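Asks: could you look at this predicted model? Sequence included:
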Amino acid sequence: MTNDEHEPTIDSEPVELTDTEAPAESEFAQDDAEESEALLDEPVPPHAHEETPPQDVGAEGTSRAGMPRLGLVAIIVAAIGLSLVLLQNLSGTIAPMFLALNLLIAAYPIFPGLRRIGIPKPIAAVVTMLAVFVVFVLGIGAIIWSVTQVVTVLTGYSQQFTDMYTAAAEWLAGFGLDEEALLNGLKSISPSNVIDVAGSILSGTSAATAIIAVVVVGIVFLSMDIPSVDARLGITHRLHPGLTDSISAVANGIRRYWVVTTIFGLIVALINGGVIVALGISLPIVWVVLTFITNYIPNIGFVIGLVPPALLALVEKGPTTALLVVILFSVVNFILQSLIQPKFTGDAVGITPTVSFISLLVWAWVFGALGALIALPATLTVKALLIDPDPRMRWLNAFISNDPETAEVRPDHA
């Protein structure tokens, strides 16, 4: 028998596999899937997703990484500087127009009040303009009268001031100071210097006249736009609601600032006038008006209104009375303007005293003497238009805002 005869035959037909006879590979695949799901369900270690710290590339790499930010800061600082220089060159127009705008913003509630009782728009606008003119003329007249009275009175005591200065120089010489150098200060009181001072006053009067003229013209032309303010703001609100909110915040802040400053300035002036009368110092009305006017100048306005009556008290009543004037004026100013007034102003003057003083220096440098008067409204305008609407810039409020807890809140949405 050959091997071929005993070799079994293999059926070549394909064998169909049932579900129970599935290949082992499918079982392994199912097991792998179950194992993967189990791994996904396992808790992830707390440090599993932490990125490895970047390697130290040295000082050169750090410098390269910091250059773009430093360059951006340099560009921003340069842009701010150029803007301030441009404003300084145009200060003869911009500052008086901004003051005129402030006065009309403060008086604007007169217009809708007249409209509610049926007064036509043109007449209501004219009445509002006349009210602004009356306040402006009274303010200018009060400034001229009070300054004239102060100069006249203090000039009459020039000999007493000279004697006191000489006595003070002799007293300081006892502490090793050069008496001759101190007495050289008296040389400034001479006819030639008086003529120079008079010339500077005249030139200053000419500049003041130009400023007054621009303010008057600005009030007239801005008053022509009062009847259409609501319609213009309505269109702006439909197209750019954020811009309208910023404009409203500026207007409300400026109006509240002027109203509250006027009320508290009047209260402080009357109390200081009572102090002057009680101490028996002459010209109490002059000092009341001067204190009221200088109240509008932040920070240093109090000092400007304090020095003349203190000097007059010194020559009339002696150093004790002068010291009482300084102490009582300071106490009244601190209680009313540092403790009570901020509670009423709210967001209108919601900036720190440091920022207020810096604003005074910056805007006085940009706009001159008028800049000291409009320093806080100008700062409030910049803050409301450039910082408050932009969430990326609002972090600056942490350093500007008087209340740090409200730094992240937009004032018009508070």
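Replies: Received, thanks.

Asks: just give me how far stretch 311-331 sits from the chain centre.
Replies: Computed by C-alpha atoms, centre = their mean, to the nearest Å, the chain-centroid distance of stretch 311-331 equals 33 Å.

Asks: numbering from 20 from now on, please.
Replies: All set: I'll call the first residue 20, so the last point we hit is now stretch 330-350.

Asks: okay, that stretch in PDB with CA atoms only?
Replies: Below are the C-alpha coordinates for stretch 330-350, written out as PDB (Å, rounded to 0.1, in the frame of the first residue of the first chain):
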ATOM      1  CA  LEU A 330      -1.100 137.700  56.500                       C
ATOM      2  CA  LEU A 331      -3.600 140.300  57.300                       C
ATOM      3  CA  ALA A 332      -4.300 138.800  60.700                       C
ATOM      4  CA  LEU A 333      -0.600 138.800  61.300                       C
ATOM      5  CA  VAL A 334      -0.200 142.500  60.700                       C
ATOM      6  CA  GLU A 335      -3.500 143.500  62.400                       C
ATOM      7  CA  LYS A 336      -3.700 141.200  65.400                       C
ATOM      8  CA  GLY A 337      -0.300 139.500  65.700                       C
ATOM      9  CA  PRO A 338       1.100 136.000  65.300                       C
ATOM     10  CA  THR A 339      -1.400 134.300  67.700                       C
ATOM     11  CA  THR A 340      -4.400 135.400  65.700                       C
ATOM     12  CA  ALA A 341      -2.700 134.500  62.400                       C
ATOM     13  CA  LEU A 342      -2.000 131.000  63.800                       C
ATOM     14  CA  LEU A 343      -5.700 130.700  64.800                       C
ATOM     15  CA  VAL A 344      -6.700 131.600  61.200                       C
ATOM     16  CA  VAL A 345      -4.500 128.900  59.800                       C
ATOM     17  CA  ILE A 346      -5.700 126.200  62.300                       C
ATOM     18  CA  LEU A 347      -9.400 127.000  62.000                       C
ATOM     19  CA  PHE A 348      -9.300 127.300  58.200                       C
ATOM     20  CA  SER A 349      -7.500 124.000  58.000                       C
ATOM     21  CA  VAL A 350      -9.900 122.200  60.300                       C
END
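
Asks: and Ile370, its phi and psi?
Replies: The phi/psi pair for Ile370 (degrees, to the nearest 10) reads phi -120, psi 160.

Asks: one more: Asn314?
Replies: Per degrees, to the nearest 10, the backbone of Asn314 is at phi -60, psi -20.

Asks: tally up the residues packed near it, please.
Replies: Asn314: 24 surrounding residues under other C-beta atoms under 10 Å. Every residue, glycine included, has its C-beta placed from N, CA and C.

Asks: how much space separates the residue lying closest to it once chain neighbours are set aside from Tyr276?
Replies: The shortest distance from Asn314 to any non-neighbouring residue, by C-beta to C-beta, 6 or more residues apart in numbering, is to Gly284 (3.3 Å). Going from Gly284 to Tyr276 by C-beta to C-beta, to the nearest Å gives 12 Å.
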